[in-house]
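Enquirer: Sharing a sequence plus its predicted fold:
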Amino acid sequence: MNYYQISSFNVYKDECLYSFDNPESSTGIYISLSSFLCFGEEFVDLYSKASGTHIFLHLHRTKKLVNKTELSTIDCQPEPKITKLAIGIEGGFQPNSNKFEYQDNYNIVVFPGKVIVPYPNEDLPLKGQIRKG
């Protein structure tokens, strides 16, 4: 019987343990629900076979460019020109300007066979074989 853990704290995973895959990669990342380790698509099947872990959370993030017209209507001002080589000050680069929208897509994936269950899903049980770890 495969167990998964319920984390009592936030788990931040941005990159595969073995490669540079991240949620914005073309295939996303897979997070083990028993060890909270993160894998790219080429390594997740190998890890599943070696460890006996079968349940993963698949995270794929899509990045969409916000139209300049939408930005200007939100701010009601034209985008200022960069006149100084600086970050976060007037006349310099503004890192907090939102030029992209991000959408996270989640699936529960069961290996072997790569059975994909969309998440959130009302058919999934709230509690399963839980082991606190």
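Expert: Looks like it arrived, so ask away.
Enquirer: what about residue 66, how many neighbours?
Expert: Each residue near residue 66 was counted by other C-beta atoms under 10 Å, and the total is 13. C-betas here are computed from N, CA, C, even on glycine.
Enquirer: mind starting the numbering at 588 from now?
Expert: With 588 as the first residue, the last one maps to residue 653.
Enquirer: Look up phi and psi at it.
Expert: Its backbone dihedrals place residue 653 at phi -80, psi 130, with angles given as degrees, to the nearest 10.
Enquirer: That one touches residue 689, doesn't it?
Expert: No: counting by C-beta atoms under 8 Å, residue 653 sits too far from residue 689 to count as a contact (10.6 Å).
Enquirer: Please identify the helix or strand for residue 649.
Expert: Here residue 649, judged by DSSP states H and E, is contained in strand 642-652.
Enquirer: what's the nearest residue to the residue of the chain positioned farthest from its centre if we skip its chain neighbours?
Expert: Counting by C-alpha atoms, centre = their mean, the extreme residue of the chain relative to its mean C-alpha position is residue 670, 34.9 Å from that point. Using C-beta to C-beta, 6 or more residues apart in numbering and skipping residues adjacent in sequence, the residue nearest residue 670 is residue 678, 4.4 Å away.
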